[in-house]
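In: just coords:
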């Protein structure tokens, strides 16, 4: 089983975040510029929330708000589920599935050290399964199955 630490080693170390008082419009511009679906909301170096495209769709568009006059902290999700580098990819998948979330900040010793997405997790699981299948095929081909 691969770990979050191993998953992060294959990703850019860049962590995209915004302050809570930033306009939602500017946050959306940053998401578009960086081709990402969520931003961490940080204040004085501490994680205080997360803003996702889903938050925007449900809390701005559907409620008739303006993204230019609404602050990030009015829309962000304040309860942020996090994982540690020692968590397994399978544990992350289970958490993301049960909580219906797509992004997990990674925290080590109280500090955000990365963010993983559902896409990162799925890619890691597929790669791991492909490796297992290849190993089993080699084992069978070599006659190691006892037959």
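Out: Thanks, I have it. Keep in mind the model is a prediction, meaning the values are calculated, not measured. Residues are numbered from 1 along each chain as shown.

In: okay, and for the chain, where does confidence drop off?
Out: 1, 144-147 (pLDDT under 70).

In: tell me the strands in it, going along the chain?
Out: 17-18, 38-43, 46-52, 103-108, 111-117 (DSSP state E).

In: neighbouring contacts of the first one?
Out: Counting contacts by CB atoms under 8 Å, 6 or more residues apart in numbering, the residues outside strand 17-18 that touch it are 26, 27, 30, 39, 40, 41, 42, 51, 72, 112. (Glycine included, C-beta is placed from N, CA and C.)

In: And the buried ones among those residues, selectable in PyMOL?
Out: Per 16 or more other CB atoms under 10 Å, the buried members of the contacts of strand 17-18 correspond to this PyMOL selection:
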select buried, resi 27+30+39+40+41+42+51+72+112
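
In: Using JSON lines, lay out the contacts of strand 17-18 together with distance to residue 11.
Out: JSON lines is the format used below for the contacts of strand 17-18 (distance: CB to CB, whole Å):
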{"residue": "26", "distance to residue 11": "24"}
{"residue": "27", "distance to residue 11": "21"}
{"residue": "30", "distance to residue 11": "18"}
{"residue": "39", "distance to residue 11": "16"}
{"residue": "40", "distance to residue 11": "15"}
{"residue": "41", "distance to residue 11": "20"}
{"residue": "42", "distance to residue 11": "19"}
{"residue": "51", "distance to residue 11": "20"}
{"residue": "72", "distance to residue 11": "24"}
{"residue": "112", "distance to residue 11": "14"}
